[in-house]
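Novice: Here is a sequence together with a model predicted from it:
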Amino acid sequence: MSNAALQPPAKPRSRSVRSGYRVASIALVLCLLPALAVRGQSPSASEAPSTTKDRVNSQRWWPTKGTVPFADFAGDSACGPCHSKKASSQLTTPMAQAAVRLATRTPSPEIARASLQLGPYLYRISSGPLGSRLAVSSGKRSITASIAWIFGAGVHGQTYILDHDGAWYESQVSSFASLHGMDITPGHAPVDAGNLQNALGERLATSAAGRCFACHTTYSTTSSKFDASQAVPGIHCEQCHGPGREHIHAIHADERSEAIKAILNPADLGPVESVDFCGACHRTTMDVVESTEAYGPINVRFQPYRLEKSRCWGAEGDARLTCIACHNPHEPLARGASYYDQRCLACHAAREGEPADRDATPAVCPVAKANCTSCHMPKADVPGMHAKFTDHFIRIVRGGESYPN
């Protein structure tokens, strides 16, 4: 869905919570790969959290940066010859499946016929010889737009990006897995009768469209220019690791040290930088703090912010708690609570010979030693998203407490 997923927060808008953070956040459940500033630029291990805009401006490469020329990229399949296992398994992740481009004038199997009456408007989705279409009608009047893209892996839902009269629209309605049907796109406001153009969806300025595509596709913005025609659906190697042409040239020239400098290396990022890197699409702590829109249950979708609220995180972060400490961005997301027990118990387990009150030993749970996340990372409902999402604010949950911002 549109987890927005997805960039620095924008000023509030009358119709919706910022595009790219809204329904997109439903789809992008994995944090992105962390990476290192290239060519010897090593960030401080204890650097304070920053907004995504600050990171984009200060780093040679950062997710969503978009300043690099298209010619500097090696291409979507260039990593496979040397990194075949990671490249092939990454294709099965929600990040790699974060978007689908729909062919024009061709029926699309990804689109199922659906309809929804929303206030005075009837929405119909169809797919046929003319391509995939969203039609909106009210009385005898109607308007139809082509569905050019689907944003979201479909785990919880998907949002449609419409191409209408040369402009991009985020559809007013989205599909939700739990409903087996459609409802209003989260963050969108109902549209009064008589305005079919607005009923179609939210028209996206080029800058807003660029932010949405940056967290659902690869190569959509290069040389600081957004161009959806060159976008590759989903998040792939170079969207996280940076342009690879020079890296590959150095490999072929047997210049290993130069090859290492020319590509992003996640191993050299400190905890804060690592989590901020994922926050480029999932919102950093400072993105949320500076936003007027990100309070209440909606921010359960902003995992970096929630994680850094945890007591475990500490003042300067903890490498054992970064996004990739639990989620391998090259592999499908593990959804069972038991999978994460080994991460929790690596710290929260009694050590033989250590006194129970020793400061260096995190507290041992007196209740259970299995399915830790089911209690300490509870799921929360997000209004309008028709699904529960895991809260990455690790804590002791008190019965009856309100959602902790």
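Specialist: Sure, I can see it.
Novice: what's the domain layout of the chain?
Specialist: Structural domains assigned to the chain are 24-95+215-289, 99-207, 297-390, following automatic domain parsing.
Novice: For those domains, could you give me TSV that also reports mean neighbour count and mean pLDDT?
Specialist: C-beta: built from backbone N, CA, C; applies to glycine. Converted to TSV, those look like this (neighbours: other Cβ atoms under 10 Å; pLDDT from 0 to 100):
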stretch	mean neighbour count	mean pLDDT
domain 24-95+215-289	20	85
domain 99-207	18	96
domain 297-390	16	89
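Novice: Looking at strand pairing, list the partners for the closest residue to Ala209 other than its chain neighbours.
Specialist: Closest residue to Ala209 apart from its sequence neighbours, by Cβ to Cβ, 6 or more residues apart in numbering: Trp168 at 4.6 Å. Counting by DSSP bridges, Trp168 forms beta bridges with Asp163, Leu204.
Novice: what's near enough to touch Trp168?
Specialist: Ala148, Ile161, Leu162, Arg203, Leu204, Ala209, Ala228 (Cβ atoms under 8 Å, 6 or more residues apart in numbering).
Novice: Run a quick neighbour tally on Thr292.
Specialist: 8 (other Cβ atoms under 10 Å).
Novice: Give me the pLDDT for it.
Specialist: Per-residue confidence (pLDDT) for Thr292: 81.
Novice: now the helices for this structure?
Specialist: Secondary structure of the chain (DSSP state H): helices at 24-27, 52-58, 84-90, 196-200, 206-214, 237-241, 245-252, 256-261, 271-282, 285-289, 303-308, 323-326, 341-345, 372-376.
Novice: Can you lay out those helices as a markdown table showing distance to Val155?
Specialist: Formatted as a markdown table, those follow (distance: least, Cβ to Cβ, whole Å):
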| stretch | distance to Val155 |
| --- | --- |
| helix 24-27 | 7 |
| helix 52-58 | 24 |
| helix 84-90 | 17 |
| helix 196-200 | 26 |
| helix 206-214 | 18 |
| helix 237-241 | 20 |
| helix 245-252 | 32 |
| helix 256-261 | 35 |
| helix 271-282 | 15 |
| helix 285-289 | 23 |
| helix 303-308 | 15 |
| helix 323-326 | 17 |
| helix 341-345 | 22 |
| helix 372-376 | 17 |
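Novice: Ok, which of those comes nearest His180?
Specialist: helix 24-27 (15.5 Å; Cβ to Cβ).
Novice: With respect to Tyr403, which of the helices of the chain lies nearest?
Specialist: Ranking these by their distance to Tyr403 (criterion: Cβ to Cβ) puts helix 303-308 first, at 11.0 Å.
Novice: The closest one - contacts with which helices or strands?
Specialist: If you count contacts as 3 or more Cβ pairs under 8 Å, 6 or more residues apart in numbering; DSSP states H and E, helix 303-308 packs onto helix 271-282, helix 285-289, helix 323-326.
Novice: Kindly recompute the last result at 6 Å.
Specialist: Applying 3 or more Cβ pairs under 6 Å, 6 or more residues apart in numbering; DSSP states H and E, one finds that helix 303-308 makes contact with helix 271-282, helix 285-289.
Novice: For Ser374, which of those is the nearest?
Specialist: Proximity to Ser374 (Cβ to Cβ) singles out helix 271-282 among these, at 21.8 Å.
Novice: of all the contacts of Trp168, which two lie farthest apart?
Specialist: Farthest pair in those, by Cβ to Cβ: Arg203 and Ala228, 14.8 Å.
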